[in-house]
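# structural data only, the sequence is not supplied:
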């Protein structure tokens, strides 16, 4: 109890611990991206992408973490798929988005989505493509935030 009191005092928060913490959605969620790209990038960022390294973890070693798309014999993790896989299709996608590696660009999300589309070809993704109640609620909240700012309206209470 003393430790928690000290923590609250050092944060200058006498009420709810996270009452003043800003809630920010990732920048890509406010861009004009397709639902598929939003879902794929979200899964990649949340490490819910079923790359070999994660399938190996969830299968408790029954499946290999080694990349099945190239012959580098490295774990297929996020860095490997974005920068190292030597498969011709992956090289074409990297070439198409080459400006990402030279300057700041908004195409990073499309690049990530296309890489994941290729890597997950043939893997059952039906469960991950189902609507997500949390994502739908965030979309509704953002819509009302925009409407409220632009039209002076308040969101109706649920």
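Happy to help now that I have it. All figures in this text were calculated on a predicted structure; none of them were measured in a lab.

# what is the least confident helix or strand in the protein?
helix 2-11 (a mean of 50; mean pLDDT, DSSP states H and E).

# excluding its backbone neighbours, what's nearest residue 97?
Nearest residue to residue 97, sequence neighbours excluded (C-beta to C-beta, 6 or more residues apart in numbering): residue 111, at 4.0 Å. For the C-beta atoms, the positions are set from N, CA and C on the backbone; glycine is no exception.

# tell me if that neighbour really is in a helix.
Yes - assessed by DSSP: H, G, I helix; E, B strand; the rest coil, residue 111 belongs to a helix.

# that one contacts residue 100, correct?
Yes - if you go by C-beta atoms under 8 Å, residue 111 and residue 100 touch, sitting 5.8 Å apart.

# of those two, which one has the most company?
Neighbour count, other C-beta atoms under 10 Å: between residue 111 and residue 100, residue 111 has more, with 21 against 17.

# for the more buried one, what are its contacts?
82, 93-94, 96-97, 100 (C-beta atoms under 8 Å, 6 or more residues apart in numbering).

# again with residue 74
For residue 74, the contacting residues are 66-67, 80, 84, by C-beta under 8 Å, 6+ apart.

# which one of these is nearest residue 116?
Ranked by distance to residue 116 (C-beta to C-beta), those are led by residue 80 at 12.8 Å.
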